[in-house]
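pasting the sequence and the predicted coordinates here, then a few questions.
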Amino acid sequence: MPWHSCAILQPLDDPWPPASAVLFHRQPILTESDVVLGRQAVGRAMAEVGAREVRRIRLVTAVSEIFRNALRYGGGGEAVIFLDRVTKAVLVECRDNGPGIEDTALAMRDGYTSGKGLGMGLGGAQRLTDAFELHSRPNEGTRVRMMSRA
Amino acid sequence: MAHSAGLFLVDRIMLVTIHEDINDSDIVELQDQLAVKVHAKGARGIVIDISALDIVDTFVGRIIAQLAGIGSILDAPTFVVGMRPAVAMTLVELGMTLPDVRTARSLGHALAQLRDSPTIG
């Protein structure tokens, strides 16, 4: 779908997923338990590419924010986790079909929240990853793509 | 809240354990029980053990801040124990510095500080 609004602070390389990446895990994000299962899978993927603990925890924390957003604000969605053994990276896409974000650049700012959160999630997730793209279209949904190297 | 969190009174100190699967509905119950027990038992302090958590995101960070807030209002200083260095570094980068929360390297260290300094906080 054509995206209405996007915030690309650290762009990903084309194409998505990279040619050398393989699918690692697909996780529906429909319950709180799915958020835990999804981030555990991301942790295993980081271990698979040989990431050190601090690198693993950074990405797992970032995806936890994004998966929770998809559940809480997007009404649920799906996460797709890829592994790239060539570049030693883990790539994660999270999509929802929720109300979307009208102004993604504003949503990325610390302190901004549309609900009961702290307003640290999106900006924080971006700081914890090596590449981060947020695309959204009001009334259709939001898509976040992230990449972290081991 | 059955398995996602626990509340134990040890030597007039409330020990709170938070597990990885804690969710929104658990939090309300946990806050409620913590406030009631701290008040009823005259707890001198609160120790939140997060060693069972692999990560702390803003959701769990908010829980910790809220529990500490309850403790502060009820005159029970709050310590967090079991935070690994990589988790602490990540929290700072998320923008969560938890200004009202004291951290201790171990449960024993937190209990000792609470016992030795009744006026702490």
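Ah, there it is.

need the outlier residue of chain B, farthest from its centre.
Within chain B, the residue lying farthest from the chain centre (C-alpha atoms, centre = their mean) is residue B:93, at 20.5 Å.

do you know how far the closest residue to that one other than its chain neighbours is from residue A:79?
Nearest residue to residue B:93, sequence neighbours excluded (C-beta to C-beta, 6 or more residues apart in numbering or on different chains): residue A:127, at 5.3 Å. Where C-beta positions appear, they are placed from N, C-alpha and C, glycine not excepted. To residue A:79, residue A:127 is 20 Å away according to C-beta to C-beta, to the nearest Å.

can you show me the CA trace of the lengthiest helix in chain B as PDB?
Longest helix of chain B, by residue count under DSSP state H: helix B:24-41. In PDB, the C-alpha atoms belonging to helix B:24-41 read as follows (Å, rounded to 0.1, in the frame of the first residue of the first chain):
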ATOM      1  CA  ASP B  24      -1.700  -4.700  32.100                       C
ATOM      2  CA  SER B  25      -4.400  -6.400  34.200                       C
ATOM      3  CA  ASP B  26      -1.800  -7.800  36.600                       C
ATOM      4  CA  ILE B  27      -0.300  -4.400  37.200                       C
ATOM      5  CA  VAL B  28      -3.500  -2.900  38.700                       C
ATOM      6  CA  GLU B  29      -3.800  -5.900  41.000                       C
ATOM      7  CA  LEU B  30      -0.200  -5.800  42.000                       C
ATOM      8  CA  GLN B  31      -0.400  -2.000  42.800                       C
ATOM      9  CA  ASP B  32      -3.500  -2.600  44.800                       C
ATOM     10  CA  GLN B  33      -2.100  -5.500  46.800                       C
ATOM     11  CA  LEU B  34       1.200  -3.700  47.300                       C
ATOM     12  CA  ALA B  35      -0.400  -0.500  48.700                       C
ATOM     13  CA  VAL B  36      -2.700  -2.500  51.000                       C
ATOM     14  CA  LYS B  37       0.100  -4.800  52.300                       C
ATOM     15  CA  VAL B  38       2.600  -2.000  52.800                       C
ATOM     16  CA  HIS B  39       0.100  -0.100  54.800                       C
ATOM     17  CA  ALA B  40      -1.400  -3.000  56.800                       C
ATOM     18  CA  LYS B  41       2.000  -4.600  57.700                       C
END
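
avg pLDDT for that helix?
Average pLDDT, helix B:24-41: 88.

where do the strands of chain B begin and end?
Remark: strands assigned in chain B by DSSP state E are B:5-10, B:13-18, B:45-49, B:78-81, B:102-104.
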